[in-house]
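Asker: Got a predicted structure here, sequence first:
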Amino acid sequence: MAWKGKTPFSRRRVIGSFTYAIQGVWYAARTEKNFQIHLIAAVIVSMCGFAFQLNKVEWLFVLICIFGMFSLELLNSAIERAVDLATEEIKPLAKQAKDLAAGAVLVFAIMTIVIGVIIFLPKVLELFQ
Ligand SMILES: Nc1ncnc2c1ncn2[C@@H]1O[C@H](COP(=O)(O)OP(=O)(O)OP(=O)(O)O)[C@@H](O)[C@H]1O
């Protein structure tokens, strides 16, 4: 614990926690294939959002989907590492932990796709009318 001995809300501790969090996001952006795919998808979806001039509510849903996917992907990567740290052997509990974490990402991804279809499909269809 790098902040041991500091008061709970000391400025250095808060800045330290923030710095570590940024390091985590930066590490994922540099090394995690899935996180990079989500980054590209987020840029494409945002460009589509501007192109189709989404309203405020539509943007809120899109942003929740984008940042929710990032958050879950980061958690999934953290769980994978924690499991690998706990054991290098093949164990049913290790499999369950990793598969459950991957399942959480999948469930949110399905919701994201459904929301994407609800928001963008009518706008795309309008282009062909
Ligand atoms: N220690 C283990 N014991 C049993 N099964 C495992 C173990 N480690 C991984 N697995 C199984 O292999 C799958 C793939 O694990 P892995 O660690 O390669 O992650 P991944 O899903 O390929 O993620 P990423 O590609 O992001 O690293 C897991 O989802 C799990 O089902």
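Answerer: Right, received. Where do you want to start?

Asker: per-residue confidence averaged over the longest helix along the chain?
Answerer: The longest helix of the chain (DSSP state H) is helix 92-127. The average pLDDT within helix 92-127 is 98.

Asker: Quickly check: it near the ligand or not.
Answerer: Yes - contact of helix 92-127 with the ligand (C-beta under 6 Å from any ligand atom) involves 94-95, 98-99, 102. Every C-beta, even on glycine, is put in place using the N, C-alpha and C of the backbone.

Asker: Just the buried ones from those, in PyMOL syntax?
Answerer: Those of the residues of helix 92-127 next to the ligand that count as buried under 16 or more other C-beta atoms under 10 Å are selected in PyMOL with:
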select buried, resi 94+98
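
Asker: For the longest helix of the chain, name the packing helices and strands.
Answerer: Under the contact criterion of 3 or more C-beta pairs under 8 Å, 6 or more residues apart in numbering; DSSP states H and E, helix 92-127 touches helix 33-51, helix 56-86.

Asker: List the buried residues for that helix?
Answerer: Result for helix 92-127 [16+ other C-beta under 10 Å]: buried residues 94, 97-98, 101, 105, 108-109, 112, 116, 119-120.

Asker: ok, those vs Tyr20, which is closest?
Answerer: For the buried residues of helix 92-127, the residue nearest Tyr20 by C-beta to C-beta is Ala101; the value is 20.6 Å.

Asker: need the contact list for the closest one.
Answerer: Listed by C-beta atoms under 8 Å, 6 or more residues apart in numbering, the contact set of Ala101 reads 75-76, 79-80.

Asker: Residues of this protein that sit close to the ligand?
Answerer: Counting by C-beta under 6 Å from any ligand atom, the chain sits next to the ligand at 34, 80, 87, 90-91, 94-95, 98-99, 102.
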